[in-house]
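J.: Output the structure for:
(one chain, ligands or ions: 3)
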Amino acid sequence: MSEHGLLVSAPGKVILHGEHAVVHGKAALAVALGLRTFLRLRPGGGERLRIHLPGVGVRREWDVAELSALRGRLTADFDESKSPGVEQLDVLKEFAGIAADASAPDSLAILAFLYMCLAISAKYGDVPSVDIAVWSELPTGAGLGSSAAYAVCLAAALLHACRAISCPLKDGEATARFYFESSRSQGWPEEEMSLINSWAFQGERVIHGNPSGVDNAVGTWGGALRYQSGKITSLKRVPTLRILLTNTKVPRSTKVLVAGVKEKILKFPAIMNPVLDSIDAISQECQSVLEAMPTNPSPEYYPVLEELFDINQHHLNVIGVGHPSLDRLCRVTASHGLHSKLTGAGGGGCGITLLPPDATPLAVEAAKRDLCACGFECWETDIGAPGVTLHSSSALNAEVLHALSES
Ligand SMILES: Nc1ncnc2c1ncn2[C@@H]1O[C@H](COP(=O)(O)OP(=O)(O)O)[C@@H](O)[C@H]1O
Ligand SMILES: C[C@@](O)(CCOP(=O)(O)O)CC(=O)O
Ligand SMILES: [Mg+2]
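T.: Ligands and ions are numbered 1, 2, ... in the order given. Okay, here's the model as predicted:
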């Protein structure tokens, strides 16, 4: 590792259909977003491990020896296939001075970091003496998979620091080659990508409690995929879909919403399970339409996609993850002939709006204006972005370094 270190990035995601249902074994369709989380890894000084997370206001450091001793206290085996143990997390909370019911963004971020760092180093070597900084283009806690992008970056960087995965970058290699031209594996062999994905899932488990794994799969592999019970399938063809993202800015926690859905299913299984089956059928139907569409689709395919958005939005309200702000978002876009649904965990956060090729620029602009007038933020972004990527340190331009030193 050069003194400037390495830069790793991973994309956020948009779930087109299947959020929440995917936690209960149904299918989800998800695409990687053109908004990313970045992690800089540098050799540390004085046998210290430092972490700087400006997005959640964290700057902490620990003695490597102290962390090694802590690791020794966590008796249960660490393994990428085993859920983090409740006792293990309690010990980490006590060590980091985090409340037992940790749910604040900074607490969860520190907890996920400590767990992943100790677990990965226990399996592959010593606790590394490194400086880690993470920053993101993604809003935090808004349904765009910032937790998974964070966990994927941490998994790749920590596995790299512990020499558990190879370094696909050679000296002097341009970042752009990896970023823009790399194929599905992004420079890492397939089995190392799977390892990154498995450890990122552990980070998601610390943050979410009971994640399905779809978000870290998209953060790792990128592109557009179908996810069901750990099985990842690339979509055969992804047409150029134009999607408007709107952040209601209403804060919410994925962990709380996922737990609420589980409670509802346990309370009303005969009522809720058919809704989950219907969401599953929506994902299947949407996949068939997407795979039948030509790359530059004509408007004729859109009415079905729009209707699927509408039906799923109703279902998501039924399972208890709607919010008045999301209802408002849907009403505003409907008044301009556009169809929307929540994306991610719901309860606030982001919604997505389909922009068919025959939507007039005037209608789209008017919808955006009305959404902004509600206090929402909206933007169009690319979908199908590359997954986890290792960039050369030349990508650490002066602007990024300045932003990090200021925060
Ligand atoms: N850039 C980041 N730096 C540190 N922690 C992050 C970052 N992005 C996300 N997180 C962690 O992920 C949590 C948000 O996850 P979640 O509630 O699943 O929302 P989402 O994944 O939709 O953004 C934050 O509270 C924080 O703990
Ligand atoms: C609700 C869920 O389906 C997606 C959560 O996404 P996000 O954390 O809100 O970006 C949960 C999961 O799949 O683990
Ligand atoms: Mg999340």
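J.: Can you check the distance spanned by stretch 22-35, start to finish?
T.: From its first residue to its last, stretch 22-35 covers 23 Å (CA to CA, to the nearest Å).
J.: for stretch 93-110, same thing?
T.: The distance separating the two terminal residues of stretch 93-110, taken as CA to CA, comes to 9 Å.
J.: is any part of that stretch close to ligand 3?
T.: No: Stretch 93-110 stays clear of ligand 3 (CB under 5 Å from the ion), getting no nearer than 9.9 Å. C-beta: built from backbone N, CA, C; applies to glycine.
J.: Helix, strand or coil: sort out residue 375 for me.
T.: The three-state label for residue 375, taken from DSSP: H, G, I helix; E, B strand; the rest coil, comes out as coil.
J.: Can you name the residue of the protein nearest ligand 2?
T.: Among the residues of the chain, residue 344 lies nearest to ligand 2; the distance is 3.0 Å by CB to the nearest ligand atom.
J.: can you tell me the helix or strand for that residue?
T.: Residue 344 is part of no helix or strand, with elements assigned from DSSP states H and E.
J.: surely it meets residue 15?
T.: Yes: taking CB atoms under 8 Å as the definition, residue 344 is a contact partner of residue 15 at 6.1 Å.
J.: Find the residues that touch each one of these two.
T.: Common contacts of residue 344 and residue 15, defined by CB atoms under 8 Å, 6 or more residues apart in numbering, comprise residue 143.
J.: quick revisit: contacting residues for the residue of the chain closest to ligand 2?
T.: For residue 344, the contacting residues are 15, 19, 142, 143, 144, 145, 254, 350, by CB under 8 Å, 6+ apart.
J.: next one: phi and psi at it?
T.: Backbone torsions for residue 344, taken as degrees, to the nearest 10, come to phi 80, psi -150.
J.: Okay, it and residue 333: tell me how far apart.
T.: Residue 344 sits 17 Å away from residue 333 when distances are taken as CB to CB, to the nearest Å.
J.: and the residue positioned nearest the centre of the chain, what are its phi and psi?
T.: With distances taken as CA atoms, centre = their mean, the residue of the chain nearest its centroid is residue 145 (2.6 Å). Per-residue torsions, residue 145: phi 70, psi 30 (degrees, to the nearest 10).
J.: Touching, it and residue 219? I think so.
T.: Yes: distance between residue 145 and residue 219: 6.4 Å, which falls inside the contact criterion (CB under 8 Å).
J.: Can you pull the residues that touch both of the two?
T.: Counting by CB under 8 Å, 6+ apart, the shared contacts of residue 145 and residue 219 are 12, 13.
J.: and residue 232, that one's in a helix?
T.: No: residue assignment for residue 232, taken from three-state DSSP, gives strand, which places it outside any helix.
J.: For residue 371, grab the count of nearby residues.
T.: Taking other CB atoms under 10 Å as the criterion, the count of residues near residue 371 is 24.
J.: again, but for residue 122
T.: Applying the criterion other CB under 10 Å, we find 18 residues in the vicinity of residue 122.
J.: Got the confidence number for it?
T.: For residue 122, the pLDDT comes out at 91.
J.: which SS state does it fall under?
T.: Three-state assignment for residue 122 (three-state DSSP): helix.
J.: Do I have it right that it meets residue 73?
T.: No: with contact taken as CB under 8 Å, residue 122 and residue 73 are classed as non-touching, separated by 11.5 Å.
J.: mind giving me the domain ranges of the protein?
T.: Structural domains annotated on the chain: 6-225+385-406, 239-380, as defined by automatic domain parsing.
J.: List the residues that contact residue 214.
T.: Contact criterion CB under 8 Å, 6+ apart gives 13, 15, 18, 22, 28, 30, 227 as the residues in contact with residue 214.
J.: from those, which ones fall inside strands?
T.: The strands, defined by DSSP state E, take in 13, 15, 28, 30, 227 from the contacts of residue 214.
J.: Which residue lies closest in space to the third one, excluding its sequence neighbours?
T.: Spelled out, it's residue 28. Nearest non-adjacent residue to residue 28, counting by CB to CB, 6 or more residues apart in numbering: residue 18, 2.8 Å away.
J.: Check the burial of that neighbour by counting its neighbours.
T.: 27.
J.: One more: residue 198?
T.: Applying other CB under 10 Å, we find 16 residues neighbouring residue 198.
J.: So it is in contact with residue 80, correct?
T.: Yes: in this structure, residue 198 sits in contact with residue 80. The criterion is CB under 8 Å, and the distance is 4.0 Å.
J.: How about the residues of the stretch 201-350 of the chain by ligand 2?
T.: On the criterion CB under 6 Å from any ligand atom, ligand 2 has as its neighbours in the stretch 201-350 of the chain the residues 208, 211, 212, 214, 215, 254, 258, 344, 345.
J.: Inside helices: which ones of those?
T.: When those are checked against helices (DSSP state H), the matches are 208, 214, 215, 254, 258.
J.: tell me which element the residue nearest to the third one when sequence neighbours are not counted is part of?
T.: Counting by CB to CB, 6+ apart, the nearest residue to residue 215 once its immediate chain neighbours are dropped is residue 148, at 3.3 Å. Using DSSP H and E, the element containing residue 148 is helix 146-161.
J.: CA atoms only: put that helix into CSV for me.
T.: Once side chains and other backbone atoms are set aside, the C-alpha atoms of helix 146-161 remain, and they are given as CSV (Å, rounded to 0.1, in the frame of the first residue of the first chain):
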residue,chain,number,x,y,z
SER,A,146,-26.0,3.6,2.3
SER,A,147,-25.6,1.0,5.0
ALA,A,148,-24.7,-1.7,2.5
ALA,A,149,-22.4,0.6,0.5
TYR,A,150,-20.6,1.4,3.8
ALA,A,151,-20.4,-2.3,4.7
VAL,A,152,-19.1,-3.3,1.2
CYS,A,153,-16.4,-0.7,1.3
LEU,A,154,-15.3,-1.8,4.8
ALA,A,155,-15.3,-5.4,3.9
ALA,A,156,-13.1,-4.8,0.8
ALA,A,157,-10.7,-2.5,2.6
LEU,A,158,-10.4,-4.7,5.7
LEU,A,159,-9.9,-7.9,3.7
HIS,A,160,-7.3,-6.0,1.7
ALA,A,161,-5.5,-4.7,4.8
